[in-house]
Structure formats: structure tokens, C-alpha cells
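In: how would this look folded up:
(chains A and B)
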Amino acid sequence: MSDPVGEAKLEVKQASKEVKESENVAEKYSAMTVSKNSEMNMGELSSAFSAVPTHKPVKKQIQFVEDKQEFSRFPTKAGRRSLSRSISQSSTDSYSSAASYTDSSDDETSPRDKPQVNSKGSSDFCVKNIKQAEFGRREIEIAEQDMSALISLRKRAQSEKPLAGAKIVGCTHITAQTAVLIETLVALGAQCRWTACNIYSTQNEVAAALSETGVAVFAWKGESEDDFWWCIDRCVNNEGWQPNMILDDGGDLTHWMYKKYPNVFKKIRGIVEESVTGVHRLYQLSKAGKLCVPAMNVNDSVTKQKFDNLYCCRESILDGLKRTTDVMFGGKQVVVCGYGEVGKGCCAALKALGAVVCVTEIDPICGLQACMDGFRVVKLNEVIRQVDVIITCTGNKNVVTRDQLDRMKNGSIVCNMGHSNTEIDVASLRTPELTWERVRSQVDHIIWPDGKRVILLAEGRLLNLSCSTVPTFVLSITATTQALALIELYNAPEGRYKQDVYLLPKKMDEYVASLHLATFDAHLTELSDDQAKYLGLNKNGPFKPNYYRY
Amino acid sequence: MAEEKDQTGSSWDDLPLPDKYPEPHKENRVGLNGEAEEGASANPVEESTKDQSVKCSPNLLQMLKAAKSWRTAQGRDREEVSESETEETVAEARKTDMQIQFTDQKKDFNKRLTKTGRRSLSRSISQSSTDSYSSVCSDSSEDESSPRDKLQKNSKGLSDFCVKNIKQAEFGRREIEIAQQEMPALMVLRKRAGGEKPLAGAKVLGCTHITAQTAVLIETLSVLGAQCRWAACNIFSTQNAVAAALAEQGTSVFAWRGESEDDFWWCIDQCVGAEIWQPNMILDDGGDLTHWIYKKHPSLFKKLKGIVEESVTGIYRLYQLSKAGKLCVPAMNVNDSVTKQKFDNLYCCKESIVDGLKRTTDVMFGGKQVVVCGYGEVGKGCCAALKALGAVVYVTEVDPICALQACMDGFRVIKLSEVIRQVDLVITCTGNKNVVGREHLDRMKNGCIVCNMGHSSTEIELASLRTAELRWERVRPHVDHVIWPDGKRIVLLAEGRLLNLSCSTVPSLVLSITATTQALALIELYSAPEGRYKQDVYLLPKKMDEFVASLHLPTFDAHLTELSDEQAKYLGISKHGPFKPNYYRY
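Out: This next block holds a predicted model:
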């Protein structure tokens, strides 16, 4: 902490993070409270779809909120969607990776206005600074280390070039991990044009590295709303190049093409969509009978869901708490509110470190599971006076209220692992008698008149996005799923996929998992012919019926 | 597989009832081999069209066969357990036969698209329907005359029952009282619903294992207003004392331990008692009672308000009937409720694997190298329990998703042959066959323990061990040493049958979950408004499932949080549940 430069840098980094989050997460979810119960009807939706996006963040976010609600109520035909209460983390990417290294370049001219040429003379791209390509290449190489599934996919499928002839337009976060995906697609024979799905998340040097290798990338960190749509348009609208596949995260690209280039849209062979929002929009479109191409929902694959919730939270809860508070867990009394996938992960991690864990739950089935797993099921009020840490992961609102905060003991930590920042009633803490003191970034001490301090992390926002990172391995699962979905849609025989939204076939899901097994040096047993016959299964899967709970 | 497919193909409806059979088939069926099964299954399809009106002229053996072929695998396992050593060979032969059939049924069952789509792939059999063997069974009474021939009267002068010895009632009552201690949910249910008598007017016909735990259920139903008549679903599982206690209290029970096949059907027939008493609900375990009424008393069957079925086999038959359009009453599938599935597999196996191994071998787990074959619900339970005791656990798996789960839970995923030379313990729970073959057994080290937690006894290739050069030595009940010519010993448990049924017990809490689910299913079916349930097979509504769970929470002194109105509105769910959508994985 003695290094003022470092501190300043950290400050900048944090600040930029703050902005991002308040744009992306906080507002999104605070909007949720307002629009929560307003029923979304088709008219509203189509207007949302047709509206020319001028005030994008707010508008889109509100829509997202409603979307989400509707979405969870929506009976899918496949029926195996899991109730993901936490938001899709893989689609949110790791904020704290190198993204902000290049913030210091104080180049004021917009990349749109600069003529750009890469070393091969191509100028069909638009990034912040093409000279950063070499640095970006190193970033990509680091990411490749932990994304061995994609690398092995390259090796396995490189000779067949299953994507030969595919012209893919993509709109995702542009990070080192995405770059590995894009380069995999290229290695498999596809031509790619890419743009960013978030105006803050682009790693400029990675975008430069991609441009240098000939991928047409239109993205830089800190785009304006206008830039955002300009980039998408440049990406799609290219003389002599008609895209035939879409890889989307959030549905903006799909929406743009649907509205602006209906003729091109009709000729698309398939859409692969990753986010909850985008998938919901696709379902709505499909319900309205306006979806004229097959779409693949990769958000709800088993592997992705398990990794986004159970495994990811199991790791990041400890990381997030340690980074922010340096707390020691052994013997500490912890209350975890909610025992869904996220809650199960948190409890397992904390128990392993010797914490005394209690659970609060509303659902008797989950409550009974908690009992059987050895956790006391209590009401928050019963233990609030003695606990050291409270973690919320219910997806509900006002789970921890002012009344309870008043009764907590000095020095207790309050944080949120659920998807919205409504779980802790933070607003009730903004009263004159309480003093807020920011002791670190993301860490606030709230001081009661009698001197009692409660430590609030990330102002009640999702802890693992604010104070921890999403591991590359989790992103690898998503990226591999996307790549396979593209291959499946592109190579499917005519008629296998109609104009509807599909879940990735279970076999593909299993293939994604199998590609990641190599990382653990895990050796799968193969069924003998005899055994396969006995079980009535194909030797190569799928191994479980669709309703299997895992 | 051809003949097995045939067996599966013949629906429940086509399964032979004893009296339809001409003599010659009897011989076939005695053969007890694959061919015989084929004959049996191929024939009824033609036979079923024949006139059925012949009144009970029971050809006993055929009856026996017919009944046997419907019995669930675990029922059979259990029969073998209870049978004495001398009957071992017969039992063995029968088992093979029936297991094959079971597997087929199961498979088909799994393949079928259920309308609700939330059935879990239960690879282990339903354990709660198997009850606890090791609880007190009073088979010491050497009375040779069949209870059928004895005049029986309880202290109130009633004689509408048939048990082994009514004098044991007092002893049975104590058994029931012990069971009540561990089945708090049913007791709570009595208290909560006792006032309103939700089953008033219900005439419940039951066919389950008759044990102390079932008795608690039966008496709960009585307290809730129902009249009950009960028969046993298994000829060996009845606790005579408990049956006597029930009869003493006025429940018409027709069951004793060690019934003959003829007795079995006689009891069911007595239980139905068509003239004097018209049942309107059925509680069945295995589908025998349902089948009997469907075949013998079609007019009664039509007037039923509902069927509650517990076993995999029975459910399968109901689905077959429903598919054929012949199910004319609503039926409730309690086997696939979330709570029951989780308890039967994950939690129950987590406890019984350690118990079963300790009881049989007194092994110490710390530092031992263990291979668990299969990482489904059962495998997850076994791994967690063994890891907690400090064992080094390896997993073999065929499904990459489950394998990845094993990796993330910290288990090495390997092929069996890679570690077979160094492991101390091999546990199978795949539901597959020949997972541990002779070649593996040959390479195991001295003293290695081999056991099976999967549903069938096919997982370990036993036949390959019955060769001349290997010596079998029975060292304890359920524990065999198999000795190689060079002196190496392998410890084989329960001859490859399901370990936790053979060498451990099913906890009362697990049975309590099942019994509570059954009671609620009966209430739901009985009191549902006209039209809510059509003529189909239903899963218990999620809300009921949640209610079952909530009734068991006081056991753990667990306090559920209640949603505030505001919170319920925010989540868009009712304050009282259901809290999760149907597709939730738990």
C-alpha cells in the first residue's frame, strides 16, 4: 500500500469497475424492483423489439428484468431448464482480468475516425490501437492454457473443417477467452466478424491481436451507445459477405439483423444464443411465430448451469470474502440464506474450512436436503445476534432487513451471492444516524451510533462478480458449448432443426464435459457392446434420459 | 435379449392370471429358464382373449409363476435372504430369471416419456418398499396348521381377519410403538388432520409389506377416518406379531409370514371381500392387488376413486395399462416424488454403505483405496461417506457429465483396470452388468473386498467365480471368501446382491418418508374434486411433496423461514408453495 502509483492505478481500476457494474448489474436489478410485477405482454415486447435503441442501457435493462421474470415462468418444451437464480456468470466475464491495463492511453480521437491498417494491409476492422496486438497475443496464450477443451477441439476437428464455408457474425464480450473461441472457429474453417456485446468489457489489446490475425473485429473499451450500434452494423453490413451463422450474447446482434437486414436474417442457418435475456427474446419471437431460423439455447445446458452456479460459487465465495476482508473461517458462525445450487456451493466451501454453518430456507424440500447434509436450518432471527457472516443467495428481496442489521453483533460481515442486489435492504441503511465509511474498494463499514460496525461487501451487489473473478475454466465450458452448437447447427441435415429454439442435444452436452475431462486426467470407462445392450444405450451416449437430475 | 423383449412387450393386461392356463404350460414354467419365460410371455397374448369367466380353479404353480414374474427384484432379493440355505439353489435360479425381466421393464419404463417429465433415473431399486428385514420377525412359532384353517377371533369377538397367532398382539403393539417414535411425520399428520377426518368414508384396500412401519401408516389412515383391509405384498416379509396387533385393533389383516403362493392369492381375495365391503381406494406395492381386482372384480375396479402405487414395477404396469387405454381410475405414482427418490438413493446409500461394510467385514476405511463404479445418486452418496472417513476414493464412470461432477467433487476418475491391482475395496453402483469381471477379480490383491450397491446382482460377474479352481468359503452370513489356487482371498459380500438390503437396514426415517407420501397421496386422490384427476397415472403434486418434507423437518428441529407477502409477490410464488418449478433439479 506504500506505492502511491500502484494505489492510484488500483483506484482507477476499481472506479472503472464500479461504473461498469452500476451500469450493468446494479441498474439492471434496481430496475427490477420497479418493473417486477408488471406483466409483460406481447405488445410491449414487440415494441421493445422494434424500438430504435436510443437510451440503450436503461431501456434494455428494464426489459431484461421483465424478460427474466417471464422467462422463469415460461414452460419450455424441453422442460429441463434449471432454475438459475443467479445470473449467467460466464456471460459476464472476468472484469478483473487485463481489461483495464490499457485505460491509460489517453487517445481522445474515437477509433471510428482513425484509419487503421494491420501488418497485412487489411483495414476491415476497428479497434483502439492495433499496435497492442503483440501484448494481446500473450493474453490469448495465457487463456489458452486453461481452455484446453477448445484446443483439443481444434486438434480433433481441424482436418475435417466442420465449419468450412460458415460465415459467423459474433457479438460477445471480447476478452482473451473469447479470442480463443474465435480463433478455434477460424481453425475449424469459419470466417468470423466480431463485435462487443458490452461497451465496457472489451480488452483492447485482445481486439487488436484478433484484428492483426485477420478477424474483422469492431470493438473497443468504452464505446458510446452510438458506437455500439455502429460497430454492430459494420460487423454485419459488409459488401460481398453474407453471414450465415450468428453467435450472440444478449440478443442485440440478432435484434439488429432482424430489424435492419430482414433479407440477410432469413438466410441465416442458425443462431446460437448464450444469455438468459437473449434466449428469452428468442422464445418470445418464436412464440409470436416470427422466428424464421433455428436457434440454439446454450444457456441451459447441464454443464454450463452446474458450473455457473454450484461449482463457481463454491470457489468464489471464499475468494471474494478473503480478498475483501481477510477473514478467517474456522469456527466462525455463518448463516447462508437459501439452499439452492448457489447456497449448496457456499455451504460446502465454508463447512470445509471449519465454519459453523446454518441455513435459512423457505422450501421444505431444500430445507430437508440441508438437514441431511448436516446444516442446521434456522430462521434468521434466531441466530442473528451471534453470527459472524451472513451470505444471501435466495433470489428474493429484503432477506436481511434493517431490523436484523440492527441486531447484528459488532464486526459481522454481510454479503450477497444471489443474482440481485435486493436481498440486503441496503436502502434502509442510508439514514443519517448511520455512518458509512469506505475502508477498501467494495468494503463499507457501517457504523451505528453506539459504535457498532457492520461490514457490508460490494454494497449488496453480487459478491463474486464484484470482488472475485470467474475462472477461465468456467468460461471454457461456455465457449466449448458455443462452438459445438455452431457446428451442430451448421452441419445438421436439412430439416433436423425447424424454426424454433432448441436446447443443445444431450450428446453434445456430454461431449463438452468429455472435452474437459482431459484437464483432470480423468479416464472414462467405455461400455462394452454387451453392457450397452443390457442398458439399452448407445455406447457413445447419450447416457441419461432428459429428465435426469444429475 | 429377444425373449426379454417379448416379456416387456406383453403389457400388464396380458400377464397371465393363474386360472387361464392349460396344463402343459405348467411344465414350461417350472423350468425357470429363459426359454420358459419366453413361452410364458408369448402365450398370454393369445390367451388373454380367451374366456375369463372361469371361477377360481387355481392351478397353484402357475399362479405362483404369474405372481413371481411380477414381483419386483428387491422383493425377490428379500425372499432369498429370508430363505434358508437349503433353498439357496432354487432361489438363485429364480432370481436370474426375474432380474432380467425387471431390467427390461425398468429400461422401457425409463425410455417412456412421462407427461410430467420429472422422473429421476433411479438406478437403485426403491428401498423403502423393501422395509427393514432385521426388525423383529416372529418366525419361531412352530404351529404347523395353516392360519387359513384356524378359527380366529380377537378380543372384541371379530373374526374378519387371518393372522398367524392373535395372541401375539401385545408384543406387536410394542413393535408398533417403537416404530411410531421414528415416524414423527405420520404422528404429526394424525394430529393435524385428525380433527377433520379427511378420509372419512374412504375404504382403503392395501397390499404392502406388513411391518411395524406399515402398521403406523394403517393406523394413521384409520385415525383419519378410513376403513382399511390389508394383505401382504410379499410372502416372507410379514411381521406376524404386528399383523396380530392390527387384527386385535379391528383392522382386517390377511397375512402371515411364509405364506404359500396359494395363500398369497387367497389372502388378497379375502381382503377384497367383494360382497360385504366395497373398497374405493387402493394402496398397492407391486401391483398384485391392483391386477387382481382389475381381472377378478372389474365392476369394483371401475368404482374406485384412486390407486396409490409405490413400486417401480407397479408403476410400470400402471403406465402400460394407461397406454393401452384400459386404466379407468386415476392412479398416483408416489415412487418418483423428489423426497422419496433422494432418500432412497443419495441419503440412504450414504449411510448404509459404511454400515453394511462394517457389519460384514469390520473394515477400517481411513487411508484405504476404494473404487466406486458409477457416480449417479447412489455413487455420489457412497463417495461422500467414504471420503468423510478418510478413504482414498476413485470413481469409474461412463457418462462424461457425471464424470466431470466427480472431478469437481475431488475424486479421481479412472478406468477400473488402471487401479484394480492396488485397491482395497470395489463398490459397484452402475445398474449395469459385468462391471467387475473375472479378469478384474484375478488381478485384485489379497483381501480385497467386493460388493454391490446397484439394483441388480448382475454387476459383479459371479458366474465366472463358480469354477473348479476357486474355493468358496463362507466365513459369516453374507460374507464369502473366494480363494485362488495361490492362496489369494477375495472377500465377496452378499454374493453380489444389493449390499444395503442384505447386510444393513433401511432406516425408519426413509420408510416414514414413503409412508407419509402414501398417506398424502390417498388423501389427495380421495378428496380431490371431481375431474381434477382423469384416468391416468399422476405424480404427486409438488406441494404435497413439499408438505411431506416439511412434516419431517421437526425431527431435525429445523425452522423454515416464511416468505413475507411482499417477498412472495416479488418472487411470483405463493407463500405456502410450491416454491420451485417442476423442472428444478434439486
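In: quick one: the strands in the stretch 251-400 of chain B?
Out: For the stretch 251-400 of chain B, the strands defined by DSSP state E, counting those that start in this stretch cover B:252-254, B:281-284, B:306-309, B:331-333, B:369-373, B:392-396.
In: among those, which is nearest residue B:203?
Out: strand B:281-284 (6.7 Å; CB to CB). Yep, even glycine has a C-beta here, placed from its N, CA and C like the rest.
In: the closest one: how far from the chain's middle?
Out: 16 Å (CA atoms, centre = their mean, to the nearest Å).
In: ok, now stretch A:204-217?
Out: Worked out by CA atoms, centre = their mean, stretch A:204-217 lies 22 Å from the chain centre.
In: give the buried residues for that stretch.
Out: Within stretch A:204-217, the residues scored as buried using 16 or more other CB atoms under 10 Å in any protein chain shown are A:204-213, A:215-217.
In: hmm, back to that, can I get the strands of the stretch 251-400 of chain B in TSV including distance to chain A?
Out: Formatted as TSV, those follow (distance: least, CB to the nearest CB, whole Å):
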stretch	distance to chain A
strand B:252-254	32
strand B:281-284	23
strand B:306-309	19
strand B:331-333	13
strand B:369-373	8
strand B:392-396	5
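In: hang on, residue B:507 packs against residue B:351?
Out: Yes: between residue B:507 and residue B:351 there is a contact under CB atoms under 8 Å: 6.9 Å.
In: got a pLDDT number for residue B:157?
Out: pLDDT for residue B:157: 83.
In: what's the answer for residue A:131, then?
Out: 92.
In: and residue B:6, by the same measure?
Out: pLDDT at residue B:6 comes out at 35.
In: using CSV, lay out the buried residues of stretch A:204-217 together with pLDDT, secondary structure and distance to residue B:450.
Out: Putting the buried residues of stretch A:204-217 into CSV (pLDDT from 0 to 100; DSSP: H, G, I helix; E, B strand; the rest coil; distance: CB to CB, whole Å) gives the following:
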residue, pLDDT, secondary structure, distance to residue B:450
A:204, 93, helix, 60
A:205, 94, helix, 57
A:206, 95, helix, 54
A:207, 95, helix, 58
A:208, 95, helix, 60
A:209, 96, helix, 55
A:210, 95, helix, 55
A:211, 95, helix, 60
A:212, 94, helix, 59
A:213, 93, coil, 56
A:215, 93, coil, 56
A:216, 94, strand, 61
A:217, 95, strand, 58
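In: and the stretch 401-550 of chain A, which residues reach chain B?
Out: A:422, A:509-511, A:513-514, A:516-517, A:520-528, A:530-531, A:533-536, A:541, A:543-550 (CB under 8 Å from any CB of the partner chain).
In: shaky segments in chain B?
Out: B:1-144, B:194, B:274 (pLDDT under 70).
In: name the helix or strand for the residue lying farthest from the centre of it, please.
Out: Checked against the mean C-alpha position of chain B, the extreme residue using CA atoms, centre = their mean is residue B:566, at a distance of 43.5 Å. Assigned by DSSP states H and E, residue B:566 falls within helix B:565-571.
In: what separates that helix from the chain centre, distance-wise?
Out: 41 Å.
In: please, where are all the strands along the stretch 451-586 of chain B?
Out: With strands called from DSSP E, counting those that start in this stretch, the stretch 451-586 of chain B shows them at B:471-476, B:479-483, B:489-493, B:537-539.
In: sweet, I'm off.
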